[in-house]
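Asks: Output the structure for:
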Amino acid sequence: MTFKTQSLSSPAALKPLRGFRVLSLALNLPGPAALMRLKAMGATCLKAEPPGPKGTSGDPMGQYNPHAYATMHEGVKVLTVDLKTDKGQQQLHKELARTDVLLTSFRPSALLKLGLGWKALHKACPALSVVAIVGAPGARAEEPGHDLTYLADAGLVTGLDLPPTLFADMGGALMASEAVLKAVLAQRNSGKGSFQEVALSDAAAWLALPRSWGLTQAQGAVGGAHAGYRVYPCKDGRVAVAALEPHFAASLCSAAGVPMDGMATLFKPATHRAIAGFLAGRTRKQLDALAVARDIPLHTLAR
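Replies: Residues are numbered from 1 along each chain as shown. As a prediction, this is how the structure comes out:
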């Protein structure tokens, strides 16, 4: 089955940031991903990058994954600005004078060296807000880290396999775009800029909450203990079944020929075996048809 959601870039999508200007100094993934969402919400987005080697992008993402870089910067004006020079500083401050929100991803000490600490910026541009993406909050913002280390610290790295996506970075991008919206609302009320720090470790900790509550642990309902919420092999691939609510679980049990006596049925080993056997004998095409006919949330996958 294919599920579609409305894109932020859809013509029908709201544009709450239309008329607002965002300038980003943030490199790699979280900052540009946040900028992509802000652009989709109507903001006028500008990116200032350091000079790259031999005319290449000064953002490392532009060098190790040009496709991702191009996707995140579509519709974003990118300038090459060397902040270590007087000319670069002049370029930046010219842009800041007409900017509503500045997005950064440097360590606090690096921003101070560049003359971009919050106190200096607020004095020069009282209406400017700053959203600073850091690895960890407060004093830990100077510590080196990356998506993988923040996920590991939050208990989201199991075994030796790498996580399937960059959860902390993308979660941090969402938090950063949320912070920009908060800054814009505060500016409308007070006319003054604000400073907000967004930590990738906090994003990882937020994503880890269901695990800390036991929901995704082995004994949890969405951790494998519930027979209606698992990934099973089928005849020509796999099937992700998400029949968690009672009416979905009842439909699944009925299709599999399992007598259901309350939700406790779904936690019994015999139910797991029966549903596994039922799904193993059917093709992806058959299961896709079953999902429509019986109103069962599932998605088939190749091996």
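Asks: Let me see the backbone angles for the residue nearest to Gly135 when sequence neighbours are not counted.
Replies: For Gly135, the nearest residue in space outside its immediate sequence neighbours is Gly145; the separation is 4.1 Å by CB to CB, 6 or more residues apart in numbering. Quick note: C-beta positions are derived from backbone N, CA and C, even for glycine. According to degrees, to the nearest 10, the main-chain angles of Gly145 amount to phi -180, psi 170.
Asks: List the contacts of Gly145.
Replies: Taking CB atoms under 8 Å, 6 or more residues apart in numbering as the criterion, Gly145 is in contact with Gly135, Ala136, Leu200, Ser201.
Asks: May I ask which of those has the most neighbours?
Replies: Top of the contacts of Gly145 by neighbour number is Leu200, holding 31 neighbours under the definition other CB atoms under 10 Å.
Asks: Next one: that one relative to Lys47, how far apart?
Replies: Distance of Leu200 to Lys47, given as CB to CB, to the nearest Å: 19 Å.
Asks: and if you look at Asp147?
Replies: As it turns out, when the distance is counted by CB to CB, Asp147 lies 21 Å from Lys47.
Asks: Mind listing the residues bridging to Gly237?
Replies: Cys234 (DSSP bridges).
Asks: For Val239, what are phi and psi?
Replies: The phi/psi pair for Val239 (degrees, to the nearest 10) reads phi -140, psi 130.
Asks: That one: what's it in contact with?
Replies: With contact taken as CB under 8 Å, 6+ apart, Val239 is in contact with Val231, Tyr232, Pro233, Leu279, Arg284, Leu287, Leu298, His299, Thr300, Leu301.
Asks: Now do the contacts for the fourth one.
Replies: Right, Leu279. For Leu279, the residues meeting the contact criterion (CB under 8 Å, 6+ apart) are Tyr232, Pro233, Cys234, Val239, Val241, Ala256, Leu287.
Asks: Among these, name the buried ones.
Replies: Neighbour counting with 16 or more other CB atoms under 10 Å marks Tyr232, Cys234, Val239, Val241, Ala256, Leu287 as buried within the contacts of Leu279.
Asks: Could you double-check that the second one lies in contact with Lys285?
Replies: Spelled out, it's Cys234. No: counting by CB atoms under 8 Å, Cys234 sits too far from Lys285 to count as a contact (10.0 Å).
Asks: Next one: the closest residue to Ala176 other than its chain neighbours from Ala127, what distance?
Replies: With sequence-adjacent residues excluded and distances taken as CB to CB, 6+ apart, Ala176 is closest to Ala34, at 3.9 Å. Taking CB to CB as the criterion, Ala34 is separated from Ala127 by 21 Å.
Asks: neighbour count winner among these two?
Replies: The residue with the greater number of neighbours, taking Ala34 and Ala127 and applying other CB under 10 Å, is Ala34; the counts read 31 against 13.
Asks: Next, Ile133: secondary structure please.
Replies: Assigned with DSSP: H, G, I helix; E, B strand; the rest coil, Ile133 falls in the strand class.
Asks: what sits against the nearest residue to it once chain neighbours are set aside?
Replies: Distances taken as CB to CB, 6+ apart put Ser105 closest to Ile133, at 4.3 Å, once the chain neighbours are dropped. Applying CB under 8 Å, 6+ apart, one finds that Ser105 lies in contact with Leu25, Ala26, Leu27, Asn28, Pro30, Gly31, Ala132, Ile133, Val134.
Asks: Also Lys47?
Replies: Leu23, Ser24, Leu25, Pro32, Leu35, Asp59, His73, Val76, Lys77, Val78, Leu79.
Asks: rerun at 6 Å
Replies: Taking CB atoms under 6 Å, 6 or more residues apart in numbering as the criterion, Lys47 is in contact with Ser24, Val76, Val78.
Asks: circling back to that earlier point, generate CSV for the contacts of Gly145, with distance to Ala97 as supplementary columns.
Replies: Putting the contacts of Gly145 into CSV (distance: CB to CB, whole Å) gives the following:
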residue, distance to Ala97
Gly135, 30
Ala136, 32
Leu200, 30
Ser201, 33
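Asks: In helices, which of those appear?
Replies: Mapping the contacts of Gly145 onto helices (DSSP state H) picks out Leu200, Ser201.
Asks: out of the contacts of Gly145, what pair is the most spread apart?
Replies: Ala136 and Leu200 (7.5 Å; CB to CB).
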